[in-house]
Every structure is written in structure tokens, then in C-alpha cells.
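The sequence isn't on hand, but the structure is:
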């Protein structure tokens, strides 16, 4: 366990405080609550009750339940933030007419959430469904998780920006080079899509390559789960038709038996950050207890 | 629909005949049966009740239920042969102490079966879990299904033999070249493993590469499903410790968070062809009705 001390106590205190604030804002009181649901990176090992790893907080094998229990007697439910977002969108968002969905959250990383019969599926030991860490490129580039070729290393916004930066090293006569004021650190996903909508050839080429990777990853998930609908979340989901039209075409081309049995539609998430909050709040009814 | 006529009638008649034979051999009668379970390649689209595609019989969108109903009033259950094998091994074979398993059948193709809570999981529309057609190599070689980079194209016995033949084109001073009497068409998986057990360097190298591919595919499936145990079936499962020791080492190396949360053991199937028969017979109790 690393970096556990005052910082951890503070973070946990913050988590409780924002939860109480949300309850009060809704005109309710904590006494009316039946559970405390939390969505966060990583997951709790149901055997050890330890939070396995949350890199951004420096937590490894943290006894998070013990920390949280100091604040409340409520039953506590914790799940992966991507799972919570998928649940929120399926219960109350863009996929509320469906029971079986799959959500990819494209951001710093690639989060995946699988909903079966309106419940989170996370593998037989509740530590699976880590779609971002399935393999996409055999013997591919090194992921932040330490493994090689993970989908996350090719299908996150971070990956899109990396692909654009690499291309700009080669060819600087493009719109993105001007949009970022010749400062590669200013490039983000929005800028790349903005250039593409202005018909910048390099941006279109990079996005084409990026969506090709994404369609390969998505095709595997469709071939396994055959969800009724695919929800795309995260900042890139706001990129509009360019992303979704290309993704539709490429996923159809690249998916097993698409011609015979079809593929589900991919749609942008609509709840934004609220998806994860709504999903977390409803964990008690839609997940196994941790 | 192609090639439907006398041949199809004959095949269906054979299917019924072997089922009756099995019942009689068991000292029972068809009147005592409560359902007819069938495991076969491909799958029945639950919406259209058509068998989507069985390449080896030349069947596309075959109304198989109508054909079968001519023989019996029993309820009919049909599932993919790899799913049936996984169910058989989990209910009565090597994995009978487990509820959540994953089986890979390594043969001409790569079959996948996922068992959750002792039932077959095959996606929300019952046409998924086609693990052999998930992507393993981005933009990889063309699979028999028409797609590129499928796991099946790298992790089947067919793929192992292809990899060995390609290597022999380059280097003929090896044991396999003698074992096959200089006739590449005679090479099979057993021969390659036999050479490897005799320390043939080329055979060891090819097997090492093959198991590396297999470990990548398996790592994705473990990262999604986190099964309690992985069952390896098909002819190659009889290859002994060389295969399983290498697979264990490489899967541990190549799987997300293996150090933190471990990986399930991979074990050889033990029921052979009976796995599929037992699984098919028990479909009524362990699958959704088709």
C-alpha cells in the first residue's frame, strides 16, 4: 500500500461531503438514503475488500471500505466509474429503452461497461470487463498498465492526440499545426476534430486511422456480447457525425457476420458526467453487493 | 439458401438416427426423452429460427427447425458445438466443480464457449460469444469468415500447421521435414508437438510463437470474463505439459493485472467428443430455448 495517510483521509472526506451536498441539494436528508454508491477508477476485490489499484490517487490495495465506514452506517456499493456510467446511461440516459448495452468511454483511457439485463456485468469474480485492457494490436505498444497492445493504447483520446503529434513531427503544413500555435502540448481531441470538420487532410487521415482501431476493438466486443446498442461516452462522443458515421461504416466492415446478422447502432452518451453519478446511486439495485 | 435438397434431408435423417441409437444404447426409449438437443457449427437466429450458416454443409439461412420437426414432437434445442462442449465439460467433465468457465476448442478453427452460473452465455441475441472471431492481430491475415485478424486465424491447429509449413519453406534441415517425409500436406499438430518433445529447435520456435498468439487471445477473454477456470479442448489439448506450461507462463505475462489479481488455471478438457454430446443433451436445462 502506498501513499496512505492524510491525503487519503482528505479524499475520502471529500467523497462523503459531495455526496451529502448532492442529497441536500435534492431536498432530501441522509436519513432517507438506503445506500451509498460510489463510482471510481479501479475496483474492489470482493475477496479481500481492498481497492486493488487507483493510480491517480496512488492507492494500491487500499482498505477503502474501512475508511468509508467511518462516515456512515449505510450499505456501501463501489464500482468502476465506466461501469457506473454504462449503468446510468442504460437506466436513465440514451439507452433507457434497452436491457443489454455496452458502453465505451473514450477519454484519457478507454473505459468499458457491460450491462446485461439492466445490471452491471463485471466477470465471475467482479474484477473483469476491463475492455480497455483487452488486446487490440498483437505485440503492440506499451500501455500505462504495463501490458502490450491494449485497446486503451490505441482508442483513447490520449492515443488520438499521440497519433496526431507523431504525424505533425513529419508534416507541419497542416491546420492543426496552426490551431495549436506550433505547441504540440496544446493539442486535444476537440482541436483535431475541429480541423477535420474544416477538411484538413492530416486531421482526416489521423481520425480515419483512429476510428479504424476503434472499430476493430468494438467489433470484438460486439462479436462477444451482441449488445442491443453501443453507447459512446467521454469527450470524443461530442465529435458529431464525422466520428459516428465513420465508426458505423468501419464497424460494419470489420465485424464478423455483420452482413448476415447485423450490428448494433453506436450512439453518443447523453448524460455526461451525470451518467456515472446516477449509475453509482443505483448500484444497490443493479449490481452484486461488494 | 444454397445446396438444400436431398443432401440436407439425408444429413437431418442421420442426425435423428444417431440420436435414437444413443438412446437405445443407453437402454432407454425415445418416449422417455424430454427434449432433443443438438450441437453443431453455426447458430440459429432466434428471431428468424433459421440456421445462419454452416459452411461445411453448405447451409445458409436453413429452416433447420422445420426439417427436424418432421422427426419428433420433442422440444428441440440447438447450440453451437463449442458452447455445447463447454457446457459438457462444466457439468460433467474437468470443470464440474466450477460455475463460471471459459473453454477454447483448438481444432480446424478456434471455438469458444462461455459458461456463466452453469449456463451457456451467447450474447444478448444468442448469436455472440464467437471468441474465435474476435480480433487478435490488427489488420491481420484474412480469416475463412472473410474478416481480417481473427483469433481463429492464429490460434487454430490449422494456423499452427500453416506457421510450420511457412517456416519449412525457409529451413528444411529439421526433424519435422523428416517426420512428414518431405510432404508438407502430411504435417499435423501432433507431429509438430512430437518434434518439439524431441527438442527440434524449429518446432519449439513455432510452438513458442503459436502459444504467444494464444496467450494474447486468452488474456483478452480472461480480462473480460475472469472465469474460474479455462478449459482447453480439441486435438491440441492432448499435447501435454509443453503446451500448458508455456501457456501458463505467457498468459500470466500478457494479462492485465495478473500480478495483482491472478489468472485462472488452464486445464485440458477430458471428455473429448463426449463433451459436446453431453452438453447438447443438457441444453434444455442450461440454455435459453431457441
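Sure thing, it's come through. Remember, it's a predicted structure, so these values are computed and weren't measured experimentally.

Contact residues of the stretch 101-250 of chain A facing chain B?
Taking CB under 8 Å from any CB of the partner chain as the criterion, the stretch 101-250 of chain A approaches chain B at residues A:116, A:123-131, A:133-140, A:145, A:147-150, A:154, A:213, A:216-217, A:219-220, A:222-228. Heads up, the C-betas are built off the backbone N, CA and C, glycines and all.

Now the buried members of these.
Buried positions within those, assessed by neighbour count (16 or more other CB atoms under 10 Å in any protein chain shown), are A:116, A:123-131, A:133-138, A:140, A:145, A:147-150, A:154, A:213, A:216-217, A:219-220, A:222-228.

can you give me the helices in the stretch 151-290 of chain A?
Counting by DSSP state H, counting those that start in this stretch, one finds helices in the stretch 151-290 of chain A at the ranges A:152-155, A:157-170, A:175-179, A:189-197, A:201-225, A:241-254, A:258-261, A:274-281, A:283-286.

Quick one: closest of the ones you listed to residue A:59.
helix A:274-281 (17.8 Å; CB to CB).

how near is residue A:59 to residue A:120?
Going from residue A:59 to residue A:120 by CB to CB, to the nearest Å gives 21 Å.

correction: residue A:169
Counting by CB to CB, the separation of residue A:169 from residue A:120 is 41 Å.

More neighbours: which of those two?
residue A:120 (24 against 8; other CB atoms under 10 Å in any protein chain shown).

helix/strand/coil for that one?
Following DSSP: H, G, I helix; E, B strand; the rest coil, residue A:120 is assigned to strand.

do residue A:114 as well
Look at residue A:114: counting by three-state DSSP, its state is strand.

what about the residue nearest to it when sequence neighbours are not counted, how many residues close to it?
Among residues not flanking residue A:114 along the chain, residue A:121 sits closest, at 4.4 Å (CB to CB, 6 or more residues apart in numbering or on different chains). The number of residues packed around residue A:121, counting by other CB under 10 Å, is 23.

What of residue A:59?
Residue A:59 is surrounded by 23 other residues when neighbours are defined as other CB under 10 Å.

Check residue A:238 too.
Applying other CB under 10 Å, we find 15 other residues in the vicinity of residue A:238.

now swap in the one 5 residues further on and tell me
Applying the criterion other CB under 10 Å, we find 23 residues in the vicinity of residue A:243.

Ok, residue A:205 next?
Applying other CB under 10 Å, we find 16 other residues in the vicinity of residue A:205.

The one 3 residues further on too?
Applying the criterion other CB under 10 Å, we find 13 residues in the vicinity of residue A:208.

wait, it sits on residue A:246?
Yes - in this structure, residue A:208 is within contact of residue A:246 by CB atoms under 8 Å, at 6.8 Å.

thinking again about what came up before, was I right to think the residue nearest to residue A:114 contacts residue A:130?
No - with contacts counted by CB under 8 Å, residue A:121 stays clear of residue A:130, the gap being 12.0 Å.

does any part of the worst-scoring helix or strand of chain A on mean pLDDT sit near chain B?
Within chain A, confidence by mean pLDDT, DSSP states H and E is lowest for strand A:51-54 among all helices and strands, at a mean of 84. Yes - using CB under 8 Å from any CB as the criterion, contacts between strand A:51-54 and chain B involve A:52-53.

who does the helix or strand that that strand is followed by touch, helix- and strand-wise?
Toward the C-terminus, strand A:51-54 is succeeded by strand A:59-62 as the next helix or strand (DSSP states H and E). With contacts taken as 3 or more CB pairs under 8 Å, 6 or more residues apart in numbering or on different chains; DSSP states H and E, strand A:59-62 sits against strand A:51-54.

Mind listing residues that contact the strand it packs on?
Under the criterion CB atoms under 8 Å, 6 or more residues apart in numbering or on different chains, residues A:40-45, A:59-64, A:78, A:127, B:257, B:260-261 lie in contact with strand A:51-54.

start to end distance for stretch A:141-161?
With CA to CA, to the nearest Å as the measure, the ends of stretch A:141-161 fall 15 Å from one another.

got the contact list for that stretch?
Contacts of stretch A:141-161 from elsewhere in the structure, counted by CB under 8 Å, 6+ apart, are A:55, A:104, A:106-110, A:131-140, A:187-189, A:192, A:206-207, A:210, A:213-214, A:217, A:234-236, B:138, B:216, B:219, B:254-257.

at 6 Å instead, please
A:106-110, A:132-138, A:140, A:187, A:189, A:210, A:213-214, A:217, A:236, B:256 (CB atoms under 6 Å, 6 or more residues apart in numbering or on different chains).

what about it, average pLDDT?
Mean pLDDT, stretch A:141-161: 96.

Can you list the buried residues in it?
Along stretch A:141-161, these residues count as buried under the neighbour rule (16+ other CB under 10 Å): A:143, A:145, A:147-161.

Read off the pLDDT value for the residue nearest to residue A:114.
Looking at residue A:121, its pLDDT is 95.

Also residue A:55?
pLDDT for residue A:55: 73.

Please name the residues that touch it.
Taking CB under 6 Å, 6+ apart as the contact definition, residue A:55 lies against nothing.

gap between it and residue A:79?
Distance from residue A:55 to residue A:79, by CB to CB: 17 Å.

what does residue A:168 give?
In this structure, residue A:168 and residue A:79 are separated by 38 Å, where distance is defined by CB to CB.

So for these two, which sits in the more crowded spot?
When residue A:168 is set against residue A:79 and neighbours are counted by other CB under 10 Å, the residue ahead is residue A:79, at 27 against 19.

Quickly list what that one is bridged to.
Beta-bridge partners of residue A:79, counted by DSSP bridges, are residue A:39.

contacting residues for it?
Residue A:79 makes contacts with A:39, A:283, A:287, as judged by CB under 6 Å, 6+ apart.

same thing but at 7 Å, please
A:39, A:120, A:283, A:287 (CB atoms under 7 Å, 6 or more residues apart in numbering or on different chains).

just curious, which of these is nearest to chain B?
Chain B lies nearest to residue A:120 out of the contacts of residue A:79, by CB to the nearest CB, at 13.3 Å.

Can you add distance to residue B:14 and give the helices of the stretch 151-290 of chain A back as CSV?
Rendered in CSV, the data for the helices of the stretch 151-290 of chain A read as follows (distance: least, CB to CB, whole Å):
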stretch, distance to residue B:14
helix A:152-155, 47
helix A:157-170, 52
helix A:175-179, 64
helix A:189-197, 57
helix A:201-225, 31
helix A:241-254, 37
helix A:258-261, 26
helix A:274-281, 51
helix A:283-286, 47
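
Compare those and give me the one nearest residue A:29.
In this view, the helices of the stretch 151-290 of chain A are compared for proximity to residue A:29 by CB to CB, and helix A:274-281 is the closest at 15.3 Å.

Perfect, that will be all.
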